[in-house]
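Asker: Got a sequence here, can you build the structure:
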Amino acid sequence: MVPPGFSATQSLLLTTDIIGSALSPPSTRGLALAGIIAGVVLGVLVFWFVRTCKLKANVPIDESSPLLHPDQIRTDFQGLIGGEQRDHVTTLDNEALLCSICTNLDFYQIFLNGIPEMEDIPLDYLPSILEKSYQCSFCRLISFHVRRTWMLDKLPYVDISGIQCRMFTKQCGCLQLATYPPTKFRCYRLHITMEGIEDLWKKYPAFRMASALNIHLMQEDAFKFGRPTDLHCRRMKNTVDIKMVKKWIKLCQKSHGDICKSLSRIGEHDSRKLPGFVRVVDVVLMAVVPAPSGCRYLALSYIWGGIGAEYWTTKDNIAERGTPGGLNTAKLPDTITDSILFVRQLGERYIWIDALCIIQDNSQDKLAQIRNMDLVYGLSYLTIIAAGGTTARDPLPGCRPQTRTQQHIEVVQGLHLYAAPPRLKEALTSSAWNTRCWTYQECALSRRRIYFTGQQVYFECQFDVLCEDVIAESKCDSTNFLKYSRAEYFPQSLDPFTSYLMAVRQGTLRNLTVESDIVDALTGVTNALAKSFGLGDPDKAFRYGMMLTDLHHSLLWQHNPHTPRTRRSLPDGCSSPWPSWAWATWRGAVNYMSEHRYLVTQPEDAWLVDDFAKPGVVEMFVDPWYIVDHDGIIVQLDVRRDSRRVVLVRETEGEVSKYSPPRGIIDPTEMTPDIGGALDPGTLIFRTTSNHFAIARRREESHASIHHGLFDILSASSPPIWVGTAVLPLNLALPTSLEFIVLSRTGLHGGYDIESFGYYHECLLCVMAVSQNGCLMERVGLGVIHEAAWIASGAEEKVVFLR
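Answerer: You can find the predicted model right below:
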């Protein structure tokens, strides 16, 4: 059978070549052989031609027809995935393999002039496109993307009949703004959207990533538009192009200067060094050795996937592994052996791999290494990120042949078009690597990263994003569209607390095999924040994962509404429970949001609001703060204060009473509550005001998976007045009233009865709902109360012992 990538002309030329080759020796045997070969080839040609015509005549395109089975397509187009890459070229005329809709599109003009998003073109409904993919090369590009990312063969009962594909173009940017006029050197990519897919997002998370497809023009066709090959796509090899990777690293080193020399990009040049107890793998000697002073090394970020004991470094084998040849690769899983191979291919000598460089059954060695992850990953020359597998047994895709998906290229109206894989951020979203908490800081702390995914390799530094399939290398700043899909950017702000809250959001969304590892898994990040922003000793600036230098903000975290209020199990050797005011004490994801959280009426949408906003604290009321340290000693915290003067503006006439917080140092005699013993480490001590308010559930939540809801805070008057709003757990048997304590001031127009309490600027107080056991308090939830209502309630001053 003639391969689909061959045209009729190419097939005849092939026949002629074969016949000519057979006839070259002027012998009877040669002539006979030539005749046999020619007859076979012509027979195949005839069979293939008849079959193609039959398919064109018999393949229906009615939307009511059943979807084409993935195996049927896979059989007919062998070599697209995991095999030989082929272009599907038309056989007799260029329109023969296009459906009626795609035939009417002028792809040359579309790539030349673009299609604005507001003028997007409807293509067809998705079931019809999947069906026509057997005969239409452009529909096949869309179908390939859908089948690759949606896993329809695993979800055969999903109703996709209402999804319509639409198309517009996006600009790819420009590599050399100073040289290339945008009008002449613009480069477009086709953007295929799936209208009507939103309803499937919640039920099938994979659909969110697969909702859009980018189709690129290959570099060999750039000349047809009078353009350079910049930001067009290139053909990829079956394995990673090591020369290209070296080019990326060299480009970063020479062009980005100090931007990529230091992890934090804040302050002076990073002069830190690895501690002497850190080990690395010498890939030349194949031994685990102490890291030579100032050595250049790579680091590996991967997931163990429940395996490890058979290849770990332990007390029993550390001596053997320290000798040349002592590291037996036969016992190592594929992710690690491929990483060692990759390091050798780059011409480097050292790599840090946790399972090999940390003595896994030595708690002291493990703790010392964990506390220096900011140095291990921050100082690495390049971090290898194995994002293409689910366990350490999986290979690095592309490190060896036949280990990754090959490119899918079609020829449409004479243009070579490529169904591009998801860009970097989207590709990581669907990876198992991206679900692990430990890998968050390994990625965030690294200055250069190379990601091995199932489709291709991506390179990311502090300045740029590059990949195998797009020509985007440039020595100068550019408008490269790849830059808009970054994996991590750390720190994400020049404000230390904003960078901290983004790290907490990302880290707590991920999974841990040992849930008590949550603080250790983010220690590298908190260490880096303390050093980058000059917060002092990291062990004093952060405790239980909480940023103590900005305690006014860091206390205002919220539970993810889908996570029950349940304590984490304690680390081994921990004798007292972690404090309730620390987010690390509780299982599941947490977030920091603005005060608008109290206005959300649909609880399932709570985390879609102000995702990048932080709690709005405009005046800090508590000063000073104290904590019981690990030795049981009460010490004063160094908490930053940056309150600004509050200007009250009433919408109606009249005087406004301003809340006056209690001030002054707490007398030592007030710090010894009668609890029959010493205070537990982690107890916060501070002075504020307190009072009880009635609470009432605002509405019945519509989803059983919601575990935190909105409650009205009510006054003691008759009838009660709505004075504020709180977010409280639903899995607790809450009393009809709760005690609240004041923390700070914020601003919000709403969350209380506006008719009873007039709005004025920054009229709300941030409060914490607490439960009390003797003299000790525990955090229950957070809320806001109108300032006038708090003053009218007659709140009393109190020294709080918050556990």
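
Asker: Please make it C-alpha for all contacts and neighbour counts, starting now.
Answerer: Noted.

Asker: Alpha carbons of stretch 436-443, as PDB, please.
Answerer: Extracted C-alpha coordinates of stretch 436-443, given in PDB (Å, rounded to 0.1, in the frame of the first residue of the first chain):
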ATOM      1  CA  ARG A 436       3.300  17.200  44.100                       C
ATOM      2  CA  CYS A 437       4.100  19.800  46.800                       C
ATOM      3  CA  TRP A 438       7.800  19.100  47.000                       C
ATOM      4  CA  THR A 439       8.200  19.800  43.300                       C
ATOM      5  CA  TYR A 440       6.700  23.300  43.600                       C
ATOM      6  CA  GLN A 441       9.700  24.700  45.400                       C
ATOM      7  CA  GLU A 442      12.200  22.700  43.400                       C
ATOM      8  CA  CYS A 443      10.900  24.500  40.300                       C
END
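
Asker: how distant is it from the center of its chain?
Answerer: 10 Å (C-alpha atoms, centre = their mean, to the nearest Å).

Asker: Just the buried residues of it, please?
Answerer: R436, C437, W438, T439, Y440, Q441, E442, C443 (16 or more other C-alpha atoms under 10 Å).

Asker: dump the residue contacts of the second one.
Answerer: By C-alpha atoms under 8 Å, 6 or more residues apart in numbering, the residues touching C437 are G507, T508, L509, R510, N511, L512, I518, A521.

Asker: can you check the fourth one too?
Answerer: Taking C-alpha under 8 Å, 6+ apart as the definition of contact, the neighbours of T439 are S301, Y302, I303, W433.

Asker: residue boundaries of the helices in the stretch 651-800 of the chain?
Answerer: 787-792 (DSSP state H, counting those that start in this stretch).

Asker: Below-threshold pLDDT in it: ranges please.
Answerer: Scanning the stretch 651-800 of the chain for pLDDT under 70 picks out the ranges 651-656, 700-703, 749-750.

Asker: And the stretch 301-450 of the chain, by the same measure?
Answerer: 307.

Asker: now the helices: where do they sit in it?
Answerer: Under the criterion DSSP H, counting those that start in this stretch, the stretch 301-450 of the chain contains helices at 318-321, 334-346, 354-357, 363-370, 373-378, 424-429, 437-444.

Asker: Show me what the second one is packed up against.
Answerer: This points to helix 334-346. helix 242-255, strand 350-352 (3 or more C-alpha pairs under 8 Å, 6 or more residues apart in numbering; DSSP states H and E).

Asker: Report the distance from it to the chain centre.
Answerer: 25 Å.

Asker: Alpha carbons of that helix, as CSV, please.
Answerer: Output in CSV follows, covering the C-alpha atoms of helix 334-346 (Å, rounded to 0.1, in the frame of the first residue of the first chain):
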residue,chain,number,x,y,z
ASP,A,334,14.9,5.1,34.3
THR,A,335,14.2,8.7,35.3
ILE,A,336,17.5,8.8,37.2
THR,A,337,19.6,6.8,34.6
ASP,A,338,18.3,9.1,31.8
SER,A,339,19.2,12.2,33.9
ILE,A,340,22.7,10.9,34.3
LEU,A,341,22.9,10.2,30.6
PHE,A,342,21.6,13.7,29.8
VAL,A,343,24.3,15.3,32.1
ARG,A,344,27.0,13.4,30.3
GLN,A,345,25.6,14.5,26.9
LEU,A,346,25.8,18.1,28.0
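
Asker: buried stuff in it?
Answerer: Going by neighbour count (16+ other C-alpha under 10 Å), the buried part of helix 334-346 is D334, T335, I336, T337, D338, S339, I340, F342, V343.

Asker: Just give me the closest of the contacts of T439 to D120.
Answerer: W433 (35.6 Å; C-alpha to C-alpha).

Asker: what's the distance between the closest one and N511?
Answerer: Note on W433: its distance to N511, by C-alpha to C-alpha, to the nearest Å, is 10 Å.

Asker: same deal with E755?
Answerer: 46 Å.

Asker: quick one: which of the two has more around it?
Answerer: Remark: of E755 and N511, N511 carries more neighbours, 16 against 7, as counted by other C-alpha atoms under 10 Å.

Asker: who's in contact with the closest residue to the more buried one other than its chain neighbours?
Answerer: The shortest distance from N511 to any non-neighbouring residue, by C-alpha to C-alpha, 6 or more residues apart in numbering, is to R436 (4.9 Å). Residues near R436 by C-alpha under 8 Å, 6+ apart: I303, R510, N511, L512.

Asker: From Q506, how far out is R436?
Answerer: 10 Å.

Asker: now swap in I409 and tell me
Answerer: 36 Å.

Asker: Mind checking which of these two has more residues around it?
Answerer: Neighbour tally, I409 and Q506, criterion other C-alpha under 10 Å: the higher count belongs to I409, 27 against 18.

Asker: looking at the sheet around that one, what are its partners?
Answerer: Beta-bridge pairing of I409 under DSSP bridges involves D87, Y418.

Asker: just checking, it touches A419?
Answerer: Yes: because the distance of 6.7 Å satisfies C-alpha atoms under 8 Å, I409 is recorded as touching A419.

Asker: Mutual contacts of these two, please.
Answerer: The contact sets of I409 and A419 overlap at L141 (C-alpha under 8 Å, 6+ apart).

Asker: name the helices or strands packed onto the helix or strand harbouring L141?
Answerer: In this assignment (DSSP states H and E), L141 forms part of helix 137-150. Contact here means 3+ C-alpha pairs under 8 Å, 6+ apart; on that basis helix 137-150 packs against helix 126-132, helix 206-209, strand 409-412, strand 415-419.

Asker: Quick one: the ones you listed as a markdown table, columns for distance to A589 too.
Answerer: Listed next are the helices and strands packed on helix 137-150 as a markdown table, based on distance: least, C-alpha to C-alpha, whole Å:
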| stretch | distance to A589 |
| --- | --- |
| helix 126-132 | 35 |
| helix 206-209 | 20 |
| strand 409-412 | 41 |
| strand 415-419 | 35 |
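
Asker: Which among the ones you listed is found nearest to Y297?
Answerer: Per C-alpha to C-alpha, nearest to Y297 of the helices and strands packed on helix 137-150: helix 206-209, 34.1 Å.

Asker: OK, contacts around the closest residue to L424 other than its chain neighbours?
Answerer: For L424, ignoring the flanking residues on the chain, the nearest one in space by C-alpha to C-alpha, 6+ apart is S485 at 5.8 Å. Residues near S485 by C-alpha under 8 Å, 6+ apart: R423, L424, K425, E426.

Asker: right, and the helix or strand after the helix or strand harbouring Y500?
Answerer: Assigned by DSSP H and E, Y500 belongs to helix 496-508. As assigned by DSSP H and E, the chain's next helix or strand after helix 496-508 is helix 523-532.
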